[in-house]
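[1] sequence and predicted structure are below.
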Amino acid sequence: MAKASVLFVCLGNICRSPLAEGAFRAEAKMLGLDVLADSAGTGGWHTGEPPDPRSIAVARRNGVDISRQRARKVTKNDFKTFTHIYALDHTNLTGLQAMAPRDATAELGLLLDLVPGHEGRAVSDPYYGDGSDFDATWRDVVMAAQALAGRLAREGWRG
Ligand code: 4NP
């Protein structure tokens, strides 16, 4: 089967989706999956910036380096170049649905719908929170990353 490419989308692309990308890259590597991963925001205020220092810190505490990521805004073209796009919350999912071009080919969904028992839940925004909120974000994205990497491996996306 073709190579899977996964785009994780939140609002600013500095807190949640960089963690989702980092956690997924780590899980995919552990399973020997050859996949492309990226993240983006539905808003463009932080374009070109590295992830929030609190996101970099929680990832680092868990052995994952996300410091070289840079924020960007999602584009219409992303709906054709990625095979899977996951929104971190409902607002961003609605925003993505509204901007999807007619000829979109990516499968679009809510990230925690991938996790049995967590369907319909949002990864809540830790931007105005504290360190414990970033720990909760990390736990959510790791659950999703494990579920997604396992699913892609079972489906035979090996590149
Ligand atoms: P994120 O968090 O969507 O998880 O990256 C936010 C980061 C920045 C802003 C909002 C949410 N902001 O309004 O600048």
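    Here it is on my side, so go on.
[2] for the residue in the chain that the ligand sits nearest to, the count of nearby residues, please.
    Relative to the ligand, the nearest point of the chain is Gly12 (2.7 Å; Cβ to the nearest ligand atom). (Glycine included, C-beta is placed from N, CA and C.) Neighbours of Gly12 under the rule other Cβ atoms under 10 Å: 22.
[3] helix, strand or coil: sort out it for me.
    coil (DSSP: H, G, I helix; E, B strand; the rest coil).
[4] got the end-to-end distance for stretch 66-76?
    25 Å (Cα to Cα, to the nearest Å).
[5] give the buried residues for it.
    66, 69, 71-74 (16 or more other Cβ atoms under 10 Å).
[6] give the residue farthest from the middle of the protein.
    Largest separation from the mean C-alpha position in the chain: Arg102, at 22.9 Å (Cα atoms, centre = their mean).
[7] three-state assignment of that one?
    Applying three-state DSSP: Arg102 is coil.
[8] buried set for the helix or strand encompassing Arg151?
    In the assignment (DSSP states H and E), Arg151 maps to helix 131-155. With burial defined by 16+ other Cβ under 10 Å, the residues of helix 131-155 counted as buried are 133-135, 137-138, 140-149, 152-153.
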